[in-house]
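In: Sequence and predicted model, in that order:
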Amino acid sequence: MKKVAIFNIKGGVAKTTSTANLGACLSEKNKKVLLIDLDAQSNLTKLFKAYSMDDLTISDVLLNKDLDINTVIKKTDFENIDIIPSNLKLAFTEKKILLDVSRSQQNRLSKALEKLNEYDYCLIDCPPSLNMITINALCASDEVFVPIKIDKFALDGLEYLLDSIEEIKDEFNPNLNFRGCFVTMDTATTVNKIIKKELKQLLANKMFNTTINQNVKVIESTFEECPVVFSNKKARASVDYKNLCKEVF
Ligand SMILES: Nc1ncnc2c1ncn2[C@@H]1O[C@H](COP(=O)(O)OP(=O)(O)O)[C@@H](O)[C@H]1O
Ligand SMILES: [Mg+2]
């Protein structure tokens, strides 16, 4: 099982959208996909209609060492896609991890995933911060991808972000491979062209060629609670995600 984190310290850059749609593309290639929602906002969970305050969630995986991870996995409407959901309780989970010094804190997800072998890919949707939850994601992952939304502040903090990935690699997870960045919500404006050029200079081969275009069908798909790749196959963003999937996997 290849474990992939979709990570950026910023919110609203399409981490969740990219996790859902790359998962959708892989499932269409007959890959068995496990999605993990590590964000207390639970947008990924809601997109796959798996939100509940009563079910076991990723919080239980992080807090309870004796839990069988299989009891937390939920089926979705899509044959090859299962999900480990989150709910609001995840907002309080980091504090509980930090207070529990009886076991190590950063490799709990990694250990829990060791018990799974029926999936080809595990895609992990990270929260918009670098906290113990995200460190768990990066410690559990083989690869990390960073979606970037172009705006005035797009490049701010990028080097810090890349340095922190390297630090986690050095400190905890030598297997971690920073695969690269891709642009989301792209538009054919001069500003975007300029920033993409700067990104290419900064990141060289760590910048993917495929960009995901801004497309209202993505927003519509969230109201349908279905990844756009499934709800509207011909939408520009769906085609882009298919191309990105081809480029990166
Ligand atoms: N290609 C796109 N075109 C238009 N809107 C998009 C696109 N990708 C994401 N969005 C919208 O942008 C917002 C933020 O995306 P989201 O995936 O939730 O970001 P994050 O998980 O990084 O916070 C959501 O409302 C989402 O529907
Ligand atoms: Mg999100």
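Out: Everything's here; your move. Ligands and ions are numbered 1, 2, ... in the order given.
In: all contacts plus neighbour counts: C-alpha atoms, from now on.
Out: OK.
In: Buried ones in stretch 26-35, by neighbour count?
Out: Within stretch 26-35, the residues that qualify as buried are 26, 27, 28, 31, 32, 33, 34, 35, counting by 16 or more other Cα atoms under 10 Å.
In: er, stretch 204-221 actually
Out: 206, 207, 208, 210, 211, 212, 213, 214, 215, 217, 218, 221.
In: what's the answer for stretch 87-102, then?
Out: Neighbour-count burial for stretch 87-102 flags 87, 88, 90, 91, 93, 94, 97 (criterion: 16+ other Cα under 10 Å).
In: Surely the first one is in contact with residue 52?
Out: Which is residue 87. Yes. Judged on Cα atoms under 8 Å, residue 87 makes contact with residue 52 at a distance of 6.8 Å.
In: Show residues contacting the host helix or strand of residue 162.
Out: Assigned by DSSP states H and E, residue 162 belongs to helix 158-171. Defining contact as Cα atoms under 8 Å, 6 or more residues apart in numbering, one finds that helix 158-171 is touched by 8, 9, 135, 138, 139, 175, 176, 178.
In: For that helix, give the mean pLDDT please.
Out: Helix 158-171 shows an average pLDDT of 94 in the prediction.
In: again with stretch 208-220
Out: 98.
In: Now do that stretch: distance from first to last residue.
Out: 26 Å (Cα to Cα, to the nearest Å).
In: Is that stretch in proximity to ligand 1?
Out: Yes. Interface with ligand 1: stretch 208-220 contributes 212, 213, 214, 215, 216, 218, 219 (Cα under 6 Å from any ligand atom).
In: Helix, strand or coil: sort out residue 199 for me.
Out: helix (DSSP: H, G, I helix; E, B strand; the rest coil).
In: isn't it right up against residue 207?
Out: Yes. Using Cα under 8 Å, residue 199 is in contact with residue 207, at 7.2 Å.
In: Among the buried residues of stretch 87-102, which one lies nearest to residue 245?
Out: Proximity of those to residue 245 (Cα to Cα) peaks at residue 87, which lies at 27.9 Å.
In: Now stretch 170-186: buried residues?
Out: By neighbour count on 16+ other Cα under 10 Å, the buried set for stretch 170-186 is 172-173, 176-186.
In: Apologies, that question was intended for stretch 148-166.
Out: 148, 149, 150, 158, 161, 165, 166.
In: what bridges to the second one?
Out: With DSSP bridges applied, the residues forming beta bridges to residue 149 are residue 184.
In: Would you mind naming what in this protein lies close to ligand 1?
Out: Counting by Cα under 6 Å from any ligand atom, the chain sits next to ligand 1 at 11-17, 184-185, 212-216, 218-219, 237.
In: Now go through these and say which are in strands.
Out: Counting by DSSP state E, the residues of the chain next to ligand 1 place residue 184 in strands.
In: Tell me where the protein has strands.
Out: Assigned by DSSP E, the chain shows strands spanning 2-6, 33-37, 74-75, 81-84, 121-125, 143-149, 177-184.
In: could the ones you listed go into CSV alongside mean pLDDT?
Out: Below are the strands of the chain laid out as CSV (pLDDT from 0 to 100):
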stretch, mean pLDDT
strand 2-6, 98
strand 33-37, 98
strand 74-75, 98
strand 81-84, 98
strand 121-125, 98
strand 143-149, 98
strand 177-184, 98
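In: For those strands, could you give me CSV that also reports distance to residue 228?
Out: Shown next, in CSV, are those (distance: least, Cα to Cα, whole Å):
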stretch, distance to residue 228
strand 2-6, 18
strand 33-37, 16
strand 74-75, 19
strand 81-84, 15
strand 121-125, 17
strand 143-149, 17
strand 177-184, 14
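In: returning to that earlier point: max pairwise distance over the buried residues of stretch 148-166: which two?
Out: So, the buried residues of stretch 148-166 by Cα to Cα: farthest apart are 150 and 166, at 23.2 Å.
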